[in-house]
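> Here you go, sequence then predicted model.
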Amino acid sequence: MNQYIKDLSEVIRNTKMTNTYKMVWIRSIVDVCCDDPTIKEIHFDQLSSKIFGYYWNQTFFFDLKQDSLENSKIQQLVRTEIKRYKEKKSDPSPKWFTEIEDEISIPISEVSTQLKRYAAHLFPKVSGRMYDLYQLDLSNRTLTPNHPKLIKDHSQILIDLINYRWTQKLEEFNNSPRISQKVRCIENKKIPRTSLKKFEKYLDLENPDQICFIGNEKMKTKSIDHVIPWSFMYSNDLWNLAYVDLSQNSSKGRKPPHEKIIKKLQRRNEKLYKILKSSGRYDDDVNVQELKTSNEKDWVNKYWHQFR
């Protein structure tokens, strides 16, 4: 591997972090170099817009904290703009940054100031050594990347490494599940949602009449749904799935379930596991083992409280 990429990778792995500023800083540089591998100069404003977008997606969709005390100025700016966006929209549901960036006011100069103070000159320093990664002109808020084409050519490796460090830091500040997948969402690539049909064989054992879990009536249009929303869990888990009439499924949206629904799900899971265990057909089934663990560790209650 080229020495410059080795040095850049070394810094990403080992630079000290109290928040996620350094990772969004270098991620935005990588993205700009991918957009234009011949670029000679990058203004902090270019990076600011991208970083605002990263934080927008992670905050609006997943409410991920970017530092321990939520003192991150950039995230505060993002939260303020999200609040404004919600107030002026009849449908305040989360939207990807790329879908609404022309509708909101991005405080570019304020974000740029944060990058100047807390990221630009601090990122390349590791254990007292200053790595030669780019040339800075802080007075004009610009940087000259040493090897933009090399960055582009190795971008996937670099992005994977950045996302790994970013995920590690977010795990210190958040109890949210599947954080690594949520970090990947800054690329605006939806994680595939696979069919839930395979879970019918389990649900039918406990609910053979296919009664709607929410409405307590025979379903008119059958569907399987996540009780704690998919947008928070980002996974298909037997312990969080139930038969829900399509009309109920569509109307409940991303709102936190009522406590009575959560208690009902806990009771359902205990009953379902007993049925599955007594059947003897699913002893080595990963879905059944996760159901057992969810009961033992009270995942339903845990994740519900985190989501609220």
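It's in.

> which element is Asn269 on?
Using DSSP states H and E, Asn269 sits within helix 259-279.

> residues making contact with that helix?
The contact list for helix 259-279 (Cβ atoms under 8 Å, 6 or more residues apart in numbering) reads 202-203, 205-206, 213-214, 227, 238-240, 242, 257, 282, 285, 288, 291-292, 294-295, 298, 300-301, 304. Any C-beta I mention is one placed from the backbone N, CA and C, and that applies to glycine too.

> And for stretch 76-84?
Residues contacting stretch 76-84 (Cβ under 8 Å, 6+ apart): 52, 55-56, 59-60, 70, 104-107, 110-111.

> Can you pull out the low-pLDDT segments for the stretch 1-150 of the chain?
1 (pLDDT under 70).

> now the strands: where do they sit in it?
Here the stretch 1-150 of the chain has its strands, by DSSP state E, counting those that start in this stretch, at 42-43, 125-126, 129-130, 134-137, 142-145.

> Most tightly packed of these?
By mean neighbour count, with neighbours taken as mean count of other Cβ atoms under 10 Å, strand 142-145 ranks first of these at a mean of 19.

> quick one: strands adjacent to that strand?
strand 42-43 (antiparallel), strand 134-137 (antiparallel) (DSSP bridges).

> and the shortest one, how far out from the chain's middle?
Read that as strand 42-43. On the basis of Cα atoms, centre = their mean, to the nearest Å, strand 42-43 sits 27 Å off its chain's mean C-alpha point.

> Okay, and which of the contacts of helix 259-279 map to helices?
202-203, 205-206, 288, 291-292, 294-295, 300-301, 304 (DSSP state H).

> Throw those into TSV and include neighbour count, distance to Leu77 and pLDDT, thanks.
Formatted as TSV, the ones in helices among the contacts of helix 259-279 follow (neighbours: other Cβ atoms under 10 Å; distance: Cβ to Cβ, whole Å; pLDDT from 0 to 100):
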residue	neighbour count	distance to Leu77	pLDDT
Tyr202	20	45	94
Leu203	19	44	95
Leu205	16	50	93
Glu206	16	47	94
Val288	20	46	91
Leu291	24	42	91
Lys292	15	44	92
Ser294	22	38	90
Asn295	17	42	93
Val300	24	35	91
Asn301	15	34	88
Trp304	22	30	85
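
> before we move on, the earlier item: now for the contacts of stretch 76-84, which pair is the farthest apart?
Using Cβ to Cβ, the two most remote members of the contacts of stretch 76-84 are Glu70 and Ser105, lying 21.4 Å apart.

> how many other residues sit next to Ser278?
9 (other Cβ atoms under 10 Å).

> if we can go back for a sec, among the strands of the stretch 1-150 of the chain, which is nearest Asn174?
strand 125-126 (25.5 Å).

> which residues sit against that closest one?
With Cβ under 8 Å, 6+ apart, strand 125-126 has contacts from 10-11, 14-16, 131.

> go on, stretch 157-167?
Outside stretch 157-167, the residues touching it (Cβ under 8 Å, 6+ apart) are 5, 8-9, 12-13, 17, 20, 23-24, 26-27, 30, 151, 179-180, 183-184.
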